[in-house]
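Visitor: Here you go, sequence then predicted model.
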Amino acid sequence: MATDVYEVIVVGAGTTGAAAVYHLADAGVKNILCLEMGTPGKGRSTAGHVPGGAPLIAGEESTFEPENSGSAVFEGGPCGPSAIKMIVTLPPYLMLDGFAEHHGWDGVKAYLDLAKRGLRIELQLASKVLPRPKEQVKQLGSLMVCEADKVERLRREFDYLRRLGCDCEWWDKDRVVDAHGEAASFVAGIWFPGDARIDSASYARALLDAASKMGAVKLKENCAPMKSVTTIHVGHAGHAKGAEDYAEIRLEDGQVLRAKRAIVATGAMYIDEHLAGLLTPRYSYLTALPHREAGPVGGMAAPDSPNFFTFGFSHDWCVEDDFVRISGEDHFSGLKSPKATERCGNLAKWGWHKYPYLEFGATYPQKYGLYSETADLMPLAGMPTASCRVCYMVGCNAWGQASLSFVASLAPALLGYRELLPPEEPGAKLCSIRRFTGKAVVASARVSHSTQSKL
């Protein structure tokens with residue numbers, strides 16, 4: 001039986017959960033408990049580490065933990081660039097018109113607005129709470145590139161972005177080749193000057209420390225994984241109508257915790273009655289190729305190079321701490337064995353092929369983690385029903401942390417501690433967990449005549 005009742009329990013101390021805690025504390029909420037089964041910003045990632053050596057040998061891993069944390073980050077130093085996450089405005093779909101099929105062009109505009117808002121919120125918070133923001137946050141921009149067969153489609157994407165007011169510019173072949181070299185075969189790109197990357201583990205810890213200084217939160221690290229979370233009805237003696245709803249969280253070690261409200265901010269969480277059929281578990285793979293000597297390519301070889309990603313987001317990469325950090329191979333199901341050695345090996349081969357000045361066959365750090373994504377690749381935010389006391393902030397952030405930073409900023413409003421502001425409403429509806437249940441008014445999937453005529 002639970003003994004203490006918290007105001008809010010936040011499950012997950014990654015960048016989303018930690019930011020939700022901070023925004024709640026900043027809104028005056030006290031008595032918050034934050035649960036993390038690993039460490040803030042990193043999760044329980046040791047089980048997801050793949051040792052170096054024999055990087056190109058395919059094989060099944062001997063251990064398989066589908067509940068393993070999705071915060072796949074490196075530890076720093078010789079173990080790879082530490083805890084780097086991208087904050088980008090990249091829309092979560094191959095093409096904006098594909099995203100419009102789900103949410104309409106008004107929905108596309110709402111997404112771009114919330115991504116811009118989320119990026120700004122995260123950068124402002126980072127400059128406020130991080131001890132060395134100039135070192136721990138790098139606003140160097142992002143470049144989305146493509147090969148010759150996709151130039152026409154990329155140009156159409158650029159036209160959509162510009163007409164919708166996105167801050168971006170077109171890069172022709174000369175500029176892209178200057179940044180990546182001829183061997184990479186990239187011939188066109190879209191430049192997003194406002195994008196950034198962040199030391200996410202330090203950011204999550206700093207947010208929690210700031211909330212702790214406000215007297216708002218108790219952090220419990222390395223706790224047992226969550227077994228279940230439900231809304232319960234508790235009656236009170238002497239009150240004929242004195243029943244209250246609480247969020248009840250059961251951990252695998254038998255602990256039972258209660259709160260007036262709870263936030264589930266575990267990106268890999270998918271085994272849940274409210275999430276059944278909404279989230280698909282996936283693996284995320286990381287490889288870091290040694291980059292100790294500057295190569296013949298300018299932008300790629302620069303110590304402070306921007307974020308890079310392919311059109312369609314099959315790969316993203318950057319130069320950081322003497323490594324080329326490469327992520328990709330994300331489409332394999334998290335319900336199967338991860339095959340991390342093979343998948344990370346594929347990323348390494350891709351990197352050596354694109355940038356032949358890198359040392360082929362060099363030993364490199366590699367990593368995998370678990371995440372989950374929705375059919376429209378947008379986060380799930382909010383409570384599934386009006387009577388539910390559990391608020392979800394889950395889903396893929398592989399498209400950049402901007403959308404989840406925006407969602408986390410809504411925590412006080414989603415839990416009822418303040419009203420949603422008018423500028424927040426379109427983004428909140430776009431991310432609403434109820435968009436798949438028909439219980440909320442969301443943007444139509446049809447293109448409105450007024451918006452269509454502009455495109």
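Guide: Cool, got the structure. Numbers count the residues shown, from 1 in each chain.

Visitor: Which stretches in the stretch 51-200 of the chain count as strands?
Guide: Remark: strands assigned in the stretch 51-200 of the chain by DSSP state E, counting those that start in this stretch are 84-87, 137-138, 142-146, 169-171, 188-192, 196-199.

Visitor: Reformat these as TSV; add mean pLDDT and mean neighbour count.
Guide: Glycine gets a C-beta too; all of them are placed from N, C-alpha and C. Compiled in TSV, the strands of the stretch 51-200 of the chain are given as follows (pLDDT from 0 to 100; neighbours: other CB atoms under 10 Å):
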stretch	mean pLDDT	mean neighbour count
strand 84-87	86	26
strand 137-138	93	20
strand 142-146	95	25
strand 169-171	97	17
strand 188-192	96	23
strand 196-199	92	25
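
Visitor: Next, residue 356: secondary structure please.
Guide: Following DSSP: H, G, I helix; E, B strand; the rest coil, we place residue 356 in the coil state.

Visitor: so how far is residue 182 from it?
Guide: 10 Å (CB to CB, to the nearest Å).

Visitor: The two - which one has more neighbours?
Guide: Shown here are residue 356 and residue 182; by other CB atoms under 10 Å, residue 356 has more neighbours (14 against 10).

Visitor: Quick one: residues contacting the nearest residue to residue 269 once chain neighbours are set aside.
Guide: In space, and not counting its chain neighbours, residue 269 is closest to residue 394: 5.3 Å by CB to CB, 6 or more residues apart in numbering. Counting by CB atoms under 8 Å, 6 or more residues apart in numbering, residue 394 touches 264, 265, 266, 267, 269, 275, 279, 372, 379, 380.

Visitor: how about those in JSON lines, adding distance to residue 322?
Guide: Converted to JSON lines, those look like this (distance: CB to CB, whole Å):
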{"residue": "264", "distance to residue 322": "37"}
{"residue": "265", "distance to residue 322": "32"}
{"residue": "266", "distance to residue 322": "32"}
{"residue": "267", "distance to residue 322": "28"}
{"residue": "269", "distance to residue 322": "35"}
{"residue": "275", "distance to residue 322": "40"}
{"residue": "279", "distance to residue 322": "36"}
{"residue": "372", "distance to residue 322": "32"}
{"residue": "379", "distance to residue 322": "33"}
{"residue": "380", "distance to residue 322": "37"}
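
Visitor: Buried subset of the residues you listed, written for PyMOL?
Guide: Typed into PyMOL, the line below selects the buried ones among the contacts of residue 394, using 16 or more other CB atoms under 10 Å:
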select buried, resi 264+265+266+267+269+275+279+372+379+380
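
Visitor: Out of the contacts of residue 394, which sit inside strands?
Guide: Members of the contacts of residue 394 lying in strands (criterion: DSSP state E): 264, 372, 380.

Visitor: out of the contacts of residue 394, who's nearest residue 209?
Guide: Nearest to residue 209 among those: residue 265, at 17.5 Å, using CB to CB.

Visitor: rewinding a little: with distance to residue 108 as new columns, can the strands of the stretch 51-200 of the chain be given to me in TSV?
Guide: Output for these, formatted as TSV (distance: least, CB to CB, whole Å):
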stretch	distance to residue 108
strand 84-87	19
strand 137-138	27
strand 142-146	16
strand 169-171	19
strand 188-192	15
strand 196-199	22
